[in-house]
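**Q** Just the structure for this:
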Amino acid sequence: MLPGLGEKYAITIEAVSQSRDTYRSEEYRKSGLPVAPAVMVGEEIIVQGADISQDRLEEVIRRHLSLA
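**A** Okay, here's the model as predicted:
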C-alpha cells in the first residue's frame, strides 16, 4: 500500500522499524513519537496502536497536500 501511495502522490514514504525494547524504552517515551504501530503525515499523528484503511490514509494525504 505505502509504496503505491508514494508514487501516486509523488511523496516520500518513510517506514521506521525498531525493536520492541526500543519502543518500550524511557528514551523513546521522551521522544514524543507515537506508540507503534503508527502512521504520521508530516507532523500529524493519524493513528497509533491500530490499523488504518487505505481510503482514510489517502484522504489525509490529499488534505496534507491541499488536494482535498
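
**Q** other SSEs contacting the lengthiest helix in the chain?
**A** Taking DSSP state H as the criterion, the chain has its longest helix at helix 54-64. Other elements packing on helix 54-64 under the criterion 3 or more Cβ pairs under 8 Å, 6 or more residues apart in numbering; DSSP states H and E are helix 2-9, strand 38-41, strand 44-48. For every residue, glycine as well, the C-beta is placed using N, CA and C.

**Q** What residues sit buried inside it?
**A** Of the residues in helix 54-64, those scored as buried under the neighbour-count criterion (16 or more other Cβ atoms under 10 Å) are 57, 58, 60, 61, 64.

**Q** mind listing what the last one touches?
**A** Looking back up the chat, that one is residue 64. With contact set as Cβ atoms under 8 Å, 6 or more residues apart in numbering, residue 64 has these partners: 41, 42, 44.

**Q** Most neighbours among those, which one is it?
**A** residue 41 (14 neighbours; other Cβ atoms under 10 Å).

**Q** Let me know the pLDDT of it.
**A** At residue 41 the predicted local confidence, pLDDT, stands at 92.

**Q** So what pairs up with it in the strands?
**A** With beta bridges defined as DSSP bridges, residue 41 has these partners: residue 44.

**Q** For it, give me its contacts.
**A** Under the criterion of Cβ under 8 Å, 6+ apart, the contact partners of residue 41 comprise 60, 61, 64.

**Q** Tabulate the CA atom coordinates of the longest helix of the chain in PDB.
**A** Once side chains and other backbone atoms are set aside, the C-alpha atoms of helix 54-64 remain, and they are given as PDB (Å, rounded to 0.1, in the frame of the first residue of the first chain):
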ATOM      1  CA  GLN A  54      -6.100   2.900   2.500                       C
ATOM      2  CA  ASP A  55      -9.100   5.200   1.800                       C
ATOM      3  CA  ARG A  56      -8.600   7.000   5.100                       C
ATOM      4  CA  LEU A  57      -4.800   7.400   4.600                       C
ATOM      5  CA  GLU A  58      -5.400   8.800   1.100                       C
ATOM      6  CA  GLU A  59      -7.900  11.200   2.500                       C
ATOM      7  CA  VAL A  60      -5.300  12.500   5.000                       C
ATOM      8  CA  ILE A  61      -2.500  12.700   2.300                       C
ATOM      9  CA  ARG A  62      -4.800  14.700   0.000                       C
ATOM     10  CA  ARG A  63      -5.700  17.100   2.800                       C
ATOM     11  CA  HIS A  64      -2.000  17.400   3.700                       C
END
